[in-house]
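Engineer: after the sequence you'll find the predicted model.
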Amino acid sequence: MNDKKLTPRPSTLDRNDFVTSFGDIYEHSPWVAELTWERGLTNQHDTPSGLADAMGTTLRSATPERQLEVIRAHPDLAGKAAIAGELTDDSTREQAGAGLDQCTPEEMARFERLNAAYKDKFGFPFVMAVKGSDRHAILSAFVTRLENSPEEERRTAIEQINRIARFRLEARAEE
């Protein structure tokens, strides 16, 4: 667990500065930061863990429709956006860290097939916190999670997104 303080300290920021500093933690979804700030921040939220817990609670307590907006804001893993260089800086680093930028043509074709099957079944992209994983583990997770019900998979995707947010906050504290 990372006990370093975030800079700037979330508890000291007004709404605009907080959203400017942390609105990008959730992919294209600054509303998570806005609602987290509105719920109130104390000095316990000045660490990556404290802020991740607060922001995670905001996302978990959102309506299913709002959660789906956040899930749908994520790019496909090893998808067309990655190939075209259209990912956010965070997503680019995360996918490269898992070796997704080193896929063989056969692995890319498998990612494309699994991305399509997953979207056909669930109506949103496969989301996984890939830090500490590799492309083989990610492909295996795809196959396993394709067996989930839509409701179970929405909850799984939200928890994965909250893990991604925690990793991003920990990385910022290290910078």
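Structural biologist: Right, received. Where do you want to start?

Engineer: what about R154, neighbour count?
Structural biologist: By the criterion of other C-beta atoms under 10 Å, R154 has 18 neighbours. From N, CA and C alone the C-beta is placed, and that goes for glycine too.

Engineer: by residue count, what's the longest helix in the chain?
Structural biologist: In the chain, assigned by DSSP state H, the helix with the most residues is helix 150-174.

Engineer: now that one: mean pLDDT?
Structural biologist: Helix 150-174 shows a mean pLDDT of 96.

Engineer: quick one: buried residues of that helix?
Structural biologist: Neighbour counts over helix 150-174 (16 or more other C-beta atoms under 10 Å) mark 153-154, 156-158, 160-170, 172-173 as buried.

Engineer: for it, packing partners?
Structural biologist: With contacts taken as 3 or more C-beta pairs under 8 Å, 6 or more residues apart in numbering; DSSP states H and E, helix 150-174 sits against helix 48-60, helix 64-72, helix 89-97, helix 105-122.

Engineer: need the pLDDT of F124.
Structural biologist: Note on F124: pLDDT of 96.

Engineer: does D76 belong to a helix, a strand or coil?
Structural biologist: coil (DSSP: H, G, I helix; E, B strand; the rest coil).

Engineer: got a list of what the residue lying closest to F142 once chain neighbours are set aside touches?
Structural biologist: Of all residues not flanking F142 in the chain, L114 sits nearest, at 4.3 Å (C-beta to C-beta, 6 or more residues apart in numbering). Contact analysis of L114 by C-beta atoms under 8 Å, 6 or more residues apart in numbering lists F126, L139, F142, V143, L146.

Engineer: give the contact list for the second one.
Structural biologist: When the contact criterion is C-beta under 8 Å, 6+ apart, the partners of L139 are E107, R110, F111, L114.

Engineer: distance to K5 for the helices and strands packed on helix 150-174 - can I get that in a markdown table?
Structural biologist: Below are the helices and strands packed on helix 150-174 laid out as a markdown table (distance: least, C-beta to C-beta, whole Å):
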| stretch | distance to K5 |
| --- | --- |
| helix 48-60 | 9 |
| helix 64-72 | 26 |
| helix 89-97 | 20 |
| helix 105-122 | 38 |
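
Engineer: winner for burial among these?
Structural biologist: Comparing the helices and strands packed on helix 150-174 by mean neighbour count (mean count of other C-beta atoms under 10 Å), helix 48-60 ranks first with a mean of 20.

Engineer: now F167, nearest residue through space, not along the chain?
Structural biologist: F167's closest residue in space is K131 (C-beta to C-beta, 6+ apart), at 5.0 Å.

Engineer: backbone phi and psi for that neighbour, please?
Structural biologist: phi -60, psi 130 (degrees, to the nearest 10).

Engineer: and it, what does it touch?
Structural biologist: By C-beta under 8 Å, 6+ apart, the neighbours of K131 are E94, G97, A98, I164, F167.
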